[in-house]
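Asker: 3D, please:
(2 chains)
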Amino acid sequence: MTTTYTISIYSENNVGLLNRISAIFLKRHINIESLATSPSEITDVFRFVIVVNVTEPQVQKLVQQIEKQVDVIKAYYHTDEETIFQETALYKVKTNFLFEERQIQNFIKQSHANIVTVSPEFFVIEKTGFRHETEQLREQLAPFGLLQFVRSGRLSVSKAPMGISKILNSFTENNQ
Amino acid sequence: MHISGAEAVIRCLLAEGVDLIYGYPGGAIMPVYDELYKFQDDLHHVLTRHEQGATHAAQGYARTSGKVGVAIATSGPGATNLITGIADAQIDSTPMVCITGQVGSHLLGSDAFQETDIIGISTPVTKWNYQVTQAKEIPEILARAFYIARSGRPGPVLVDITKDAQFGMLDFEYKPCVGIRSYKPVPALDQSQVVAAAEAINKAKKPLIVWGQGVILGNAEAEFKAFVEKSGIPAVWTILGLSALETSHPLNKGMVGMHGNYAPNLLTQECDVLIAVGMRFDDRVTGRLDAYAAQAEVVHLEIDPAEIDKNVHADYPVLSDCKQSLAALIELVVPKKLDSWLARFDELYAKEYEVVIEKDTKPTKEGLTMGEVIVAVNKAADSDAVIVTDVGQHQMIACRYAEFIRSKSNVTSGGLGTMGFALPAAIGAKMGAPDRQVVAVIGDGGYQMTIQELGTIFQTGVAVKILVLNNEYLGMVRQWQQLFFDRRYASTEMTNPDFVTIAKGYHIPAQKVTERKDLPSAIQEMINAEGPYFLEVAVEKEDNVFPMIPTGASLNEIRLQ
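Answerer: Below you'll find the predicted structure:
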């Protein structure tokens, strides 16, 4: 049975590492549902958050192969219950609707979305939340003609500690 | 020392103890070749006739010497021609460093002449790769490359160096790499895993050891032999584990896998504890996975955590290099008396001998068999000779019947099954073990895939004995066509050239044997030759390799005929 798993990777920030990691999925014919990369809580350590829909043996093997890569410090996988996760979406709408269609203001209020910017031609709404929340707002705004819509990959932190500093410290101690 | 990046490349190689590299020059790597010219007394370069040959030669060198093989090539086609050898080294865990030239960094992405994204292309088949765009990066990156290639589970590394980085200047200082914070080559041995494994082994009534190349890569031959002898447990090998324990050892019970021996395969399905040592449960070893040793508890001694539970679930994983884990296990295992279990191996061997081995090795029919040729090599060659094989029927037959007394004596392409491997690999194997005889056993198909390396053999004079077993077919594919495709021999029949004339064209002494009576003396002449020698043996055209486990079948379904 397949489940949604969030794979978290701590790595060096090297050119080509994204390619190396995505090749592990490609080799096994597994689709990446979403991917986000950013710095982590540790200086010079990079973080990947990858969402996949696979079985548990599959995600175990994926994580083993990812962790095997020389530039990867540590990789984990978690179920949705084990993480706090959010996605961010941006919606670009024609400005005149903001004033002419009262409903839009209600949608924004009800969904706790923010207006990021307003110009004479367009305004941009930002909404952070679960997939179904950003999706609901998209459906609500769609009839008014969305000029653009974009949603980020999943951002996720685990409930349990990751212990990366400990791994890095033990390396430093062993090599002194 | 203020030197160019190109000179730094050479000085890094020398600092890593490299005295021999294989390669092929071209535009984007010319600055390095120019430095090679200046350093030719210290660093010997072997010009192969194709970049693929350079990688296989580097692999052969690594496999017999235990050192890191080095291959060097230019950008574009030079670099892409390395890929087959890199993929082969990756799947067979062979330590290799490949250095490629690249177009100038200002041209990257412009589709410049001979530009190719070799980092992207090589990523899935390298342990690590890196593109150098500045001269000052060279010492640190090459130090890392060698460290990564040889440490832990070895593998191929590719370093791509732009032409401007080769021309650029740097203040050179070489510091060998001693560690990388994101990389843990050898997991620390966990004594509780050793204790649990030992308990499982000690209570076993019908234990079986399956060993792989990990024993050789971990320099653990002595520990392995001590473990086998103390425990008294029968041991069987994968194709890459071959030669780690001498053939004649009473507890060496033969090969597992698709064309392995009868007893090792059938008794895998009867053992109660399977002790896997430095092997990775390839599908050619396991057959149908869900039926593989389903009755047994599995102990898995392994250096690479990604191999644990990858194909076969390990009830008792022991992570570490097997030199350490075997040493720890030896302390805890109790000697066993396994007479009736060992008798099962002898019983099944007798059956295999009667149906297969006798006909292979002492044929009474007219045509020559591959098996009798290998037996003749066993008789004529030094007992510690290195046997290099290509891929196909001759490979299976050679691995089944060649006799070894010394480790690092079997060089073959196992995981990737690369036809064309043997001829260039034999060049490297001989240079990596110059005091030993090297016999390359090759089929007529694979031989023609890298036949141009005869030029390398001629130019270097390297004393490789080339033994082509010619059945005028792509024999293994033909065998499958016969057994599974109703004898539709689609594109497997070969109309071959006069191989003897070709060898002579390269000034390599050559001979062809078509009759049994001439075989022993011809093999002897080949072995006695000072330098390289070519011997073609015309073997029976439609012989098959047995035993055989059809693809996807369980080991129980092994066929003797």
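Asker: name the residue of chain B that lies nearest to chain A.
Answerer: At 4.0 Å from chain A, residue B:306 is the closest residue in chain B, using CB to the nearest CB. Every residue, glycine included, has its C-beta placed from N, CA and C.
Asker: show me the contacts for that residue.
Answerer: Residue B:306 is in contact with A:61, A:64, A:65, A:67, A:68, counting by CB atoms under 8 Å, 6 or more residues apart in numbering or on different chains.
Asker: distance to residue B:546 and pLDDT added to the residues you listed, as TSV?
Answerer: Output for those, formatted as TSV (distance: CB to CB, whole Å; pLDDT from 0 to 100):
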residue	distance to residue B:546	pLDDT
A:61	34	97
A:64	37	98
A:65	36	98
A:67	42	97
A:68	37	97
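Asker: get me the contact residues on chain A for chain B.
Answerer: Applying CB under 8 Å from any CB of the partner chain, one finds that chain A approaches chain B through A:11-12, A:14-16, A:19-20, A:23, A:26-27, A:57, A:60-61, A:64-65, A:67-73, A:168, A:171-172, A:174-175.
Asker: wait, what's in contact with residue B:29?
Answerer: So residue B:29 contacts B:23, B:72, B:73, B:74, B:75, B:78, B:99, B:100, B:101, B:161, B:166 (CB under 8 Å, 6+ apart).
Asker: and for residue A:152?
Answerer: A:34, A:36, A:87, A:88, A:89.
Asker: read off the pLDDT value for it.
Answerer: Residue A:152 carries a pLDDT value of 96.
Asker: and it, backbone torsions?
Answerer: For residue A:152, the backbone dihedrals (degrees, to the nearest 10) come out as phi -80, psi 170.
Asker: and the gap between it and residue A:33?
Answerer: 13 Å (CB to CB, to the nearest Å).
Asker: before we move on, what about residue B:244?
Answerer: In this structure, residue B:244 and residue A:33 are 44 Å apart, going by CB to CB.
Asker: more neighbours, the two?
Answerer: The residue with more neighbours, out of residue B:244 and residue A:33, is residue B:244; 29 against 15, by other CB atoms under 10 Å in any protein chain shown.
Asker: can I take it that the more buried one is in a helix?
Answerer: No. Read with DSSP: H, G, I helix; E, B strand; the rest coil, residue B:244 is coil and lies in no helix.
Asker: and the nearest residue to it once chain neighbours are set aside, what does it touch?
Answerer: In space, and not counting its chain neighbours, residue B:244 is closest to residue B:215: 4.3 Å by CB to CB, 6 or more residues apart in numbering or on different chains. When contacts are counted by CB under 8 Å, 6+ apart, residue B:215 touches B:221, B:224, B:241, B:244, B:245, B:277, B:278, B:322.
Asker: now residue A:76
Answerer: A:7, A:8, A:63, A:158, A:162.
Asker: those, buried ones only, as a PyMOL selection?
Answerer: Selection of the buried residues among the contacts of residue A:76 in PyMOL, burial being defined by 16 or more other CB atoms under 10 Å in any protein chain shown:
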select buried, chain A and resi 7+8+63+162
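Asker: from the contacts of residue A:76, which is closest to chain B?
Answerer: Using CB to the nearest CB, the contacts of residue A:76 come closest to chain B at residue A:63, 9.1 Å.
Asker: quick one: secondary structure of that closest one?
Answerer: Three-state assignment for residue A:63 (three-state DSSP): helix.
Asker: surely it meets residue A:77?
Answerer: Yes. With contact defined as CB atoms under 8 Å, residue A:63 reaches residue A:77; the gap is 5.1 Å.
Asker: now do the shared contacts for these two.
Answerer: residue A:7.
Asker: let me see the domain layout of the chain.
Answerer: As the question left the chain open, I've gone with chain A. A:3-83, A:84-151 (automatic domain parsing).
Asker: you answered for a different chain; I wanted chain B.
Answerer: If you go by automatic domain parsing, chain B breaks into B:2-171, B:191-344, B:366-538.
Asker: can you put the contacts of residue B:306 in CSV and add neighbour count and distance to residue B:272?
Answerer: Shown next, in CSV, are the contacts of residue B:306 (neighbours: other CB atoms under 10 Å in any protein chain shown; distance: CB to CB, whole Å):
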residue, neighbour count, distance to residue B:272
A:61, 19, 27
A:64, 18, 28
A:65, 19, 31
A:67, 19, 32
A:68, 19, 31
